[in-house]
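In: prediction below, plus the sequence it came from.
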Amino acid sequence: MFKEASRRLRWIMTPALALAEGFGLGASLIIAIGAQNAFVLRQGLLRQHVFLSAVFCALSDLLLISAGVFGLGSLARGQTWFLGLMTWGGAGFLGWYGFKAALRAFRSQSLESRGGGTSSLLSVVSSLAAFTFLNPHVYLDTVLLLGGLGARHAAGERPWFVAGASAASLIWFFGLAYGARLLSPLFELPVTWRILDGLIAAVMMSLATMLVCSGLSQQ
């Protein structure tokens, strides 16, 4: 009876531990200041395509985490041309978006005036796709690092690890997108938008510079 109870306890605890590990590691990598998070925050403040932004980012993380955990990340590990393409493509896009954010920082607009024009669905999706898949750190951190840690588990535990990491992503992006509304009173002031856009520009330009330096060091 003791052996049977011990076996049942292991059957319950092992998936739970894999789930908790995935959640903790996923949260530690996802919850950080980055281009994707800044864009989602801005969409939440403008209340434009908020649900779509959160769902797109969460599903993208699910796809990338699953690819890493179930072994597809090893295919990209040896493809130096792939990471090179992502490095230069990501640097170009981040630099362009950072420049646009810098221009916005010099305009005196409130939340109401900025919300006057709604971004198209195609524009939001294409921007999210670029922020997500043109960032080489996504493949290094999410696919290779997080996926590699998840791949250490037995085959039966890996889906639980993916579920935990994906749950962290889901909670974070929906909290970021819809929690931004709590900051709406602050963003009725033009100066607050200037500060946010200035920070976004700084983050984007810094990331673009880092990618350029990384690309040059690999040549």
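Out: That came through, no problem. Just so it is clear, the structure is predicted and the values come from calculations on it, not from any experiment.

In: sketch out the low-pLDDT regions of this protein for me.
Out: Residues of the chain that meet the criterion pLDDT under 70 lie in 1-13, 31-33, 72-87, 90, 108-118, 187, 207, 211, 214-219.

In: does residue 125 touch residue 52 like I think?
Out: Yes: contact criterion CB atoms under 8 Å: residue 125 and residue 52 qualify, at 7.3 Å. Glycine gets a C-beta too; all of them are placed from N, C-alpha and C.

In: strands of this structure, residue ranges please.
Out: In the chain, no strands are defined using DSSP state E.

In: give me every residue that touches the closest residue to residue 128 other than its chain neighbours.
Out: Leaving aside its sequence neighbours, residue 128 sits nearest to residue 56 (CB to CB, 6 or more residues apart in numbering; 4.9 Å). Neighbour list for residue 56: 125, 128-129, 132 [criterion: CB atoms under 8 Å, 6 or more residues apart in numbering].

In: give the buried residues for stretch 26-35.
Out: For stretch 26-35, a neighbour-count test (16 or more other CB atoms under 10 Å) marks 26-27, 29-30, 34-35 as buried.

In: that one spans what distance, first to last residue?
Out: Stretch 26-35 stretches 17 Å from its first residue to its last (CA to CA, to the nearest Å).

In: what does it contact?
Out: Here stretch 26-35 makes contact (CB under 8 Å, 6+ apart) with 61, 65, 94, 97, 131, 135, 141-142, 145-146, 164-169, 172, 203-204, 207.

In: among the residues you listed, name the ones in helices.
Out: 61, 65, 94, 97, 131, 164-169, 172, 203-204, 207 (DSSP state H).

In: which one of those residues sits closest to residue 14?
Out: Distance ranking of these against residue 14, using CB to CB, places residue 164 first at 12.8 Å.

In: any idea how many residues pack against the closest one?
Out: For residue 164, the count of nearby residues is 25 (other CB atoms under 10 Å).

In: same question for residue 63.
Out: For residue 63, the tally of surrounding residues (other CB under 10 Å) stands at 16.

In: counting neighbours, which of the ones in helices among the contacts of stretch 26-35 comes out on top?
Out: residue 165 (32 neighbours).

In: ok, that one - contacts?
Out: Applying CB under 8 Å, 6+ apart, the residues near residue 165 are 22-23, 25-26, 61, 65, 146, 150.

In: for the nearest residue to it once chain neighbours are set aside, give its distance to residue 52.
Out: Nearest residue to residue 165 in three dimensions, chain neighbours excluded: residue 26, at 3.1 Å (CB to CB, 6+ apart). As for residue 26, its distance to residue 52 is 21 Å (criterion: CB to CB, to the nearest Å).

In: good, we can wrap up now.
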